[in-house]
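Colleague: what would the 3D arrangement of this be:
(one chain, ligands or ions: 2)
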Amino acid sequence: MLGNIFLTLSYTNGGIFMETGCIFCSIAQEKTATELLYKNHNLVVFKDIKPHAPVHLLIVPKQHIRSINDLTADDLPLVSELIVAAKNMAIEVGVKETGYKLLFNVERGGGQMVFHLHLHLIGGWIR
Ligand code: AMP
Ligand code: ZN
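Modeller: Ligands and ions are numbered 1, 2, ... in the order given. This is a model prediction of the structure:
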């Protein structure tokens, strides 16, 4: 019965859940040429390939989580870490004082195109 065949596309890397074919998993694992502006055990930061503003960074957990909809209470420390990392990057790239936007697009109707959780840091219009 074909209906009972499942393809397993997920695996772990150092205890972190990854998804085969996911561009942000590949970037987080440094399997692409994308320059990481910051990385630690839990997350990476890199420039958006198609920036919507003078500063447009993506703060991306190493763990493959599809979207905000898939978060659980266990993920609270990770979400906090994404936000604090965004604030630190805002200092780093000089938009802390002028201000910036932090944005999660959620699923297709919310404008999400890459289904691996990420936080947009957008700003730099005023210098
Ligand atoms: P979202 O619409 O919230 O899913 O945002 C996905 C973002 O990822 C878009 O702003 C894209 O420009 C960006 N993006 C997609 N592929 C890459 C990539 N390879 N490197 C950097 N940014 C990317
Ligand atoms: Zn992923």
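Colleague: can you list the weak-confidence ranges in the protein?
Modeller: Residues of the chain meeting the criterion pLDDT under 70: 1-9, 13-15.
Colleague: which residue is nearest the middle of it?
Modeller: Val60 (2.2 Å; CA atoms, centre = their mean).
Colleague: need the contact list for that residue.
Modeller: Val60 sits next to 24, 27-28, 43-46, 116-119 when contact means CB atoms under 8 Å, 6 or more residues apart in numbering. Placement of C-beta: from N, CA and C, glycine included.
Colleague: the longest strand in the protein is where?
Modeller: Looking across the chain with DSSP state E, the single longest strand is strand 55-61.
Colleague: what residues does this protein put near ligand 2?
Modeller: 19, 22, 24-25, 64, 116 (CB under 5 Å from the ion).
Colleague: repeat that for 8 Å
Modeller: 18-19, 22-26, 28, 64-65, 115-116 (CB under 8 Å from the ion).
Colleague: among those residues, name the ones in strands.
Modeller: In strands, defined here by DSSP E, the members of those are 18-19.
Colleague: contacts for the biggest helix by length in the chain next, please.
Modeller: Assignment by DSSP state H gives helix 76-92 as the longest helix of the chain. Outside helix 76-92, the residues that touch it by CB under 8 Å, 6+ apart are 37-38, 40, 42-43, 45, 57, 59, 61, 63, 71, 96, 100, 102, 119, 121, 123.
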